[in-house]
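Chemist: Need a 3D model of the sequence below.
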Amino acid sequence: MDDYAKRWLDGWVDARVVAAPFQQQKRQASEVYAPACRTEAMKAGITRRELEAAATGDLAAYLENAIEDRQDIEVRKNRPV
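Modeler: Residues are numbered from 1 along each chain as shown. The predicted structure follows:
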């Protein structure tokens, strides 16, 4: 796997992915984030194949997990002490 693509993807996720309710995560990942990520990756000189490899083979699933991770963080922050 291309280390540059992985670092780029992780940075992109950190900068753009936000929490979303569980019911919206799959749609958000596949219809919003994945196309935007692919477009920006191509502008950065990362091929679709490199991007998919950086996402462990499934970009939409990778992004869905990132959204869910963000949601988990938000839930924990709002948990009563």
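Chemist: same question for stretch 21-38, mean pLDDT?
Modeler: Across stretch 21-38, pLDDT averages out at 94.
Chemist: Run through the protein and note the low-pLDDT ranges.
Modeler: 1-2 (pLDDT under 70).
Chemist: Residue 13 against residue 66, yeah?
Modeler: Yes: using Cβ atoms under 8 Å, residue 13 is in contact with residue 66, at 4.8 Å. From N, CA and C alone the C-beta is placed, and that goes for glycine too.
Chemist: Mind checking which of these two has more residues around it?
Modeler: residue 66 (23 against 19; other Cβ atoms under 10 Å).
Chemist: Could you point out the longest helix of the chain?
Modeler: helix 59-77 (DSSP state H).
Chemist: How far away from the center of its chain is it?
Modeler: 8 Å (Cα atoms, centre = their mean, to the nearest Å).
Chemist: residues of it that come out buried?
Modeler: Judged by neighbour count using 16 or more other Cβ atoms under 10 Å, the buried positions of helix 59-77 are 59, 60, 62, 63, 64, 65, 66, 67, 68, 70, 71.
Chemist: Put the alpha carbons of it into CSV.
Modeler: Extracted in CSV, the C-alpha atoms of helix 59-77 (Å, rounded to 0.1, in the frame of the first residue of the first chain):
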residue,chain,number,x,y,z
LEU,A,59,-13.7,3.3,0.8
ALA,A,60,-17.4,3.6,1.6
ALA,A,61,-17.1,1.2,4.6
TYR,A,62,-14.0,2.9,5.8
LEU,A,63,-15.8,6.3,5.7
GLU,A,64,-18.9,4.8,7.4
ASN,A,65,-16.6,3.6,10.2
ALA,A,66,-15.0,7.0,10.5
ILE,A,67,-18.5,8.6,10.8
GLU,A,68,-19.5,6.1,13.5
ASP,A,69,-16.3,6.8,15.4
ARG,A,70,-17.1,10.5,15.3
GLN,A,71,-20.6,9.7,16.5
ASP,A,72,-19.3,7.6,19.4
ILE,A,73,-17.0,10.5,20.5
GLU,A,74,-20.0,12.9,20.5
VAL,A,75,-22.1,10.5,22.5
ARG,A,76,-19.3,10.0,25.1
LYS,A,77,-18.8,13.7,25.4
